[in-house]
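**Student:** coordinates for the following, if possible.
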Amino acid sequence: MSRKETTPSRFVPRSRKVRILATLGPASDDPQMIRQLAEAGADAFRINMSHGDHADHARRIAAIRGLEAELERPTTIMADLQGPKLRVGRFKADRAELRNGQRFVFDRDPAEGDSDRVTLPHREIFEAVRPDARLLVDDGKLVFRVVEADDARIETVVEVGGTISNNKGLNLPDVLLPLAALTEKDRSDLVFALEQGVDWIALSFVQRPEDVAEARRLIGGKAALLAKIEKPAAVDRLEGILELADAVMVARGDLGVELPPEDVPPLQKRIVEAARRLGRPVVVATQMLESMIQSPSPTRAEVSDVATAVYDGADAIMLSAESASGKYPLEAVAMMNRIATSAESDPTHHARVHFTETLPDATTNDAIARAAAQIVRTVDASAIVCFTSSGSTAWRMARERPTVPLLVLTPSLKTARRLGLLWGAHAVRTRDVGSFEEMVGKSKRMALRHSVARSGDRIIVTAGVPFGTPGSTNVVHVARLIGDELARYRPS
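**Tutor:** Coordinates of the predicted model:
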């Protein structure tokens, strides 16, 4: 990526504040489609390590980095680790029919199953399960209640019967499983993803803060860490997980399996609110435009669902199969972009976003961020420009949910890329400044060049003195863009 300041950016910042995270897959993995997705509204791309091999993922990552260089825009890549997958064994006839009220056994016998029993190849489940716990099979389509269990056999009664077939997934919402969040496959995928230079690692199957701590140790600062909240055990220890993670995801698909469906909407709001209070980016994901996997148009309920996440102040909203394997990946991204833009254009949007009160910590950095957001409203500024090395200043500023664009100037490409999940942030890699005068001059030039302000507008500038010292934000300055002064920097 060019670092020259004399070449105008080819990418105009979006007016939309919430970010769109699009999953890549068979329907969206060629460079031309990835470019079209970015132009339609995708701000970041998710690589799902549950599907495809390393060669597939490397090709997609290379395409994203090629687009990044072409657009001269730092682009965010998230690698989503699969996590442990719990599945039942195989059946003699590939399936069996179970009726409500019958007894059914899960055991460790490797023989093929029938309508009375099936193997469960996960020793840890036998160690942890207790009477009255539920076992959910095939995304909760079949429900079993444990009657008794030992280290080789789990006897259940079928509460919701139906067809059970080979290798269907299993959920245990009432059990804290003694399983690490990272499998051997995940560790291999993690090494690969870090070698490829991805910006975020998404951790699945999080049950406890210790899962996040272990992943952080293995990542070693080479990428930011997002914890997926998809299990009731993670909800119970949400605060501890948030303290250790760089961001969180509301993984509503798995939450909707392990919890009653009616519990998911208020839980989504609770997770978003908790993340915002701690200044952690929060992604709302799963089935947002599910019908667009097969249809070029969403349902009205899906449109409302996406808009609700925007009104709640989520940093990003995510497409899964819609963009990865659906028939209409480009239309799905464009639709999500239009829904989010419309919601943010609502005159009540700002008040709704600020329904969650995010109090600053007792630090100079937080005080500067709060002051900048207030000054914007007082003097009718057009943008906030913040200088940062680590990105922490931008994260604090975004927590305030300012009404204007947040132009983030950083000498670190790594930092610029990570900010693609941050609400309202447009990150630009540029040389650092060495003096107050240089700071003001660069802020004006970059605000004009990146179209976040025009001649005559005011901008708010934040930085740290001494310059180039991470975590030292202690300056807030109001500057006005003057036409004659900036004429030579006007984009062609």
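
**Student:** most centrally placed residue in this protein?
**Tutor:** For the chain, the residue nearest the mean C-alpha position is Val283 (3.9 Å; C-alpha atoms, centre = their mean).

**Student:** which of the three states applies to that one?
**Tutor:** Using DSSP: H, G, I helix; E, B strand; the rest coil, the structure places Val283 in strand.

**Student:** report the contact partners of it.
**Tutor:** The neighbourhood of Val283, defined by C-beta atoms under 8 Å, 6 or more residues apart in numbering, consists of 21, 226, 247-250, 314-318, 421. (Each C-beta comes from the backbone N, C-alpha and C, glycine too.)

**Student:** go with 7 Å
**Tutor:** 21, 247, 249-250, 314-316, 318, 421 (C-beta atoms under 7 Å, 6 or more residues apart in numbering).

**Student:** same deal with Ala316?
**Tutor:** Contacts of Ala316 (C-beta under 7 Å, 6+ apart): 18-21, 44, 281, 283, 421.

**Student:** leaving out sequence neighbours, find the closest residue to it.
**Tutor:** Leaving aside its chain neighbours, Ala316 sits nearest to Arg19 (4.0 Å; criterion: C-beta to C-beta, 6 or more residues apart in numbering).

**Student:** that neighbour: how many residues sit nearby?
**Tutor:** A total of 26 residues lie near Arg19 under the criterion other C-beta atoms under 10 Å.

**Student:** with only the CA atoms kept, save stretch 112-121 in CSV.
**Tutor:** C-alpha atoms of stretch 112-121 as CSV (Å, rounded to 0.1, in the frame of the first residue of the first chain):
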residue,chain,number,x,y,z
GLU,A,112,-23.9,-48.6,14.6
GLY,A,113,-27.0,-47.3,16.3
ASP,A,114,-30.7,-48.1,16.0
SER,A,115,-33.9,-46.8,17.6
ASP,A,116,-32.7,-47.8,21.1
ARG,A,117,-29.2,-46.4,21.2
VAL,A,118,-26.3,-44.7,19.4
THR,A,119,-22.6,-44.1,20.1
LEU,A,120,-21.5,-40.8,21.4
PRO,A,121,-17.7,-40.4,20.7
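
**Student:** contacts for it?
**Tutor:** Against stretch 112-121 from outside (C-beta under 7 Å, 6+ apart): 88-92, 96-98, 104-111.

**Student:** just the buried ones from the residues you listed?
**Tutor:** 88-91, 96, 98, 104-108 (16 or more other C-beta atoms under 10 Å).

**Student:** and those residues, which is closest to Val137?
**Tutor:** Val88 (6.3 Å; C-beta to C-beta).

**Student:** re earlier: ok, which pair from the contacts of Val283 is furthest apart?
**Tutor:** Farthest pair in the contacts of Val283, by C-beta to C-beta: Val250 and Leu421, 13.3 Å.

**Student:** domain parsing for the chain?
**Tutor:** 19-83+181-348, 95-171, 364-489 (automatic domain parsing).

**Student:** the residue nearest to Ala316 touches Ala44, doesn't it?
**Tutor:** Yes: look at Arg19 against Ala44 with C-beta atoms under 7 Å: they come within range, at 6.2 Å.

**Student:** anything in contact with each of those two?
**Tutor:** Contacts common to Arg19 and Ala44, judged by C-beta under 7 Å, 6+ apart, are 316, 420-421.

**Student:** I'd like those residues as CSV, with distance to Leu218 and secondary structure appended.
**Tutor:** Shown next, in CSV, are those (distance: C-beta to C-beta, whole Å; DSSP: H, G, I helix; E, B strand; the rest coil):
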residue, distance to Leu218, secondary structure
Ala316, 24, strand
Gly420, 23, helix
Leu421, 21, helix
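
**Student:** helix, strand or coil for Thr358?
**Tutor:** coil.

**Student:** wait, Leu419 sits on Ala394?
**Tutor:** Yes: because the distance of 5.7 Å satisfies C-beta under 7 Å, Leu419 is recorded as touching Ala394.

**Student:** which residues in the stretch 201-350 of the chain form helices?
**Tutor:** Applying DSSP state H, counting those that start in this stretch to the stretch 201-350 of the chain gives helices spanning 209-219, 232-236, 238-244, 252-258, 264-277, 300-311, 321-324, 329-345, 349-353.

**Student:** all strands of the stretch 1-150 of the chain, in order?
**Tutor:** Using DSSP state E, counting those that start in this stretch, the strands of the stretch 1-150 of the chain run over residues 19-24, 44-48, 76-80, 95-98, 103-107, 117-119, 134-137, 142-149.

**Student:** lowest-pLDDT helix or strand in this structure?
**Tutor:** helix 483-486 (a mean of 56; mean pLDDT, DSSP states H and E).

**Student:** would you map the helices across the stretch 51-200 of the chain?
**Tutor:** Under DSSP H, counting those that start in this stretch, the stretch 51-200 of the chain gives helices at 54-71, 123-128, 184-195.

**Student:** in CSV, list these along with mean neighbour count, distance to Asp139 and mean pLDDT.
**Tutor:** Below are those laid out as CSV (neighbours: other C-beta atoms under 10 Å; distance: least, C-beta to C-beta, whole Å; pLDDT from 0 to 100):
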stretch, mean neighbour count, distance to Asp139, mean pLDDT
helix 54-71, 16, 25, 95
helix 123-128, 16, 18, 94
helix 184-195, 17, 21, 98
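
**Student:** and these: which comes nearest Arg338?
**Tutor:** That would be helix 54-71 among the helices of the stretch 51-200 of the chain, by C-beta to C-beta, at 21.3 Å.

**Student:** ok, now which ones touch Asp80?
**Tutor:** 46-49, 202.

**Student:** could you rerun that using 10 Å?
**Tutor:** 21, 23, 46-50, 189, 193, 198, 200-204, 226, 228, 249, 251, 285, 318, 320 (C-beta atoms under 10 Å, 6 or more residues apart in numbering).

**Student:** and it, what are its bridge partners?
**Tutor:** Residues in a beta bridge with Asp80, per DSSP bridges, are Asn48, Ala202.

**Student:** ok, now how distant is it from Glu230?
**Tutor:** When distance is defined by C-beta to C-beta, to the nearest Å, Asp80 is 11 Å away from Glu230.

**Student:** please apply the same query to His122.
**Tutor:** Where Glu230 is concerned, His122 sits at a distance of 18 Å (C-beta to C-beta).

**Student:** check what pLDDT Thr393 gets.
**Tutor:** With respect to pLDDT, Thr393 scores 89.

**Student:** wait, it sits on Leu422?
**Tutor:** No: at 11.2 Å, Thr393 does not count as touching Leu422 under the criterion of C-beta atoms under 10 Å.

**Student:** please identify every residue contacting each of those two.
**Tutor:** In contact with both Thr393 and Leu422: Val408, using C-beta under 10 Å, 6+ apart.

**Student:** max pairwise distance over the contacts of stretch 112-121: which two?
**Tutor:** Glu97 and Arg108 (23.4 Å).

**Student:** still on that earlier bit, dump the strands of the stretch 1-150 of the chain into TSV; add distance to Glu438 as well.
**Tutor:** Shown next, in TSV, are the strands of the stretch 1-150 of the chain (distance: least, C-beta to C-beta, whole Å):
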stretch	distance to Glu438
strand 19-24	30
strand 44-48	31
strand 76-80	28
strand 95-98	70
strand 103-107	68
strand 117-119	68
strand 134-137	60
strand 142-149	65
